[in-house]
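Visitor: here is my input, please return the structure:
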Amino acid sequence: MSSPSSAQTAAPAADPGIAAALGRIPSGLFVVAWRDAGLDRAMLASWVMQAGFSPPAVSVAVAPARDLIAALDRGAPFAVSVLAESQRPLLARFGKPTADPFAGLAVTRAPTGAAVLADAAGWLDCRPAARAVHGDHVVVVAEVLGGGSGAGEPLVHVRKNGLRY
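Guide: Sure thing, here's the model as predicted:
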């Protein structure tokens, strides 16, 4: 590998090459759900990945202002629904907070109580274990307590610019 030029290391956030390369990293699309004061809450996430085998673990990157962070600070468990290709229309619904994110949708409950989309390609029931803050996101590592697979292929997302959603 060649070493980066000083122009590439001086201002990485403004570097179009970095933005383009990061945008080409494929990710899934997920609905992360938790309970808060007896109500279902949810957010769309694209930065979820497996983080360990034993115990099974995932990492989730979350903007610090999201309500999920306060719930995790209280130790709230959460569930991750792996969106199926057929669930692309749900992106707008879960992209912005709503009072009842699952209204009109078929859901089941993970053992810890969080909502799981019934038609998801898969789901994971998670308990937060650790977190780190780096830059503009909090990376949460969670132990996977349970899960299952559904029908359909997972929805895969590739961005045009890796420096914004």
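Visitor: quick one: the strands in this structure?
Guide: Listed in chain order, the strands of the chain (DSSP state E) span 27-28, 30-36, 39-45, 48-52, 57-62, 78-82, 107-109, 115-117, 122-134, 137-149, 156-157.
Visitor: ok, Trp47 to Leu117 distance?
Guide: Counting by CB to CB, to the nearest Å, the separation of Trp47 from Leu117 is 19 Å. In short, each C-beta sits where N, CA and C put it, glycine included.
Visitor: kindly report the same for Asp40.
Guide: 11 Å.
Visitor: more neighbours, the two?
Guide: Legend: neighbour count by other CB atoms under 10 Å for Asp40 and Leu117, higher for Leu117 (25 against 18).
Visitor: Leu163 - how many residues pack around it?
Guide: So Leu163, with other CB under 10 Å, has 15 neighbours.
Visitor: that one reaches Ile18, doesn't it?
Guide: Yes. Counting by CB atoms under 8 Å, Leu163 does reach Ile18; the two are 7.2 Å apart.
Visitor: nearest to Asp100, out of the strands of the chain?
Guide: Nearest to Asp100, of all the strands of the chain, is strand 39-45, at 7.1 Å by CB to CB.
Visitor: give me the residue at the spatial middle of this structure.
Guide: Centroid-nearest residue in the chain: Ala45, 3.2 Å away (criterion: CA atoms, centre = their mean).
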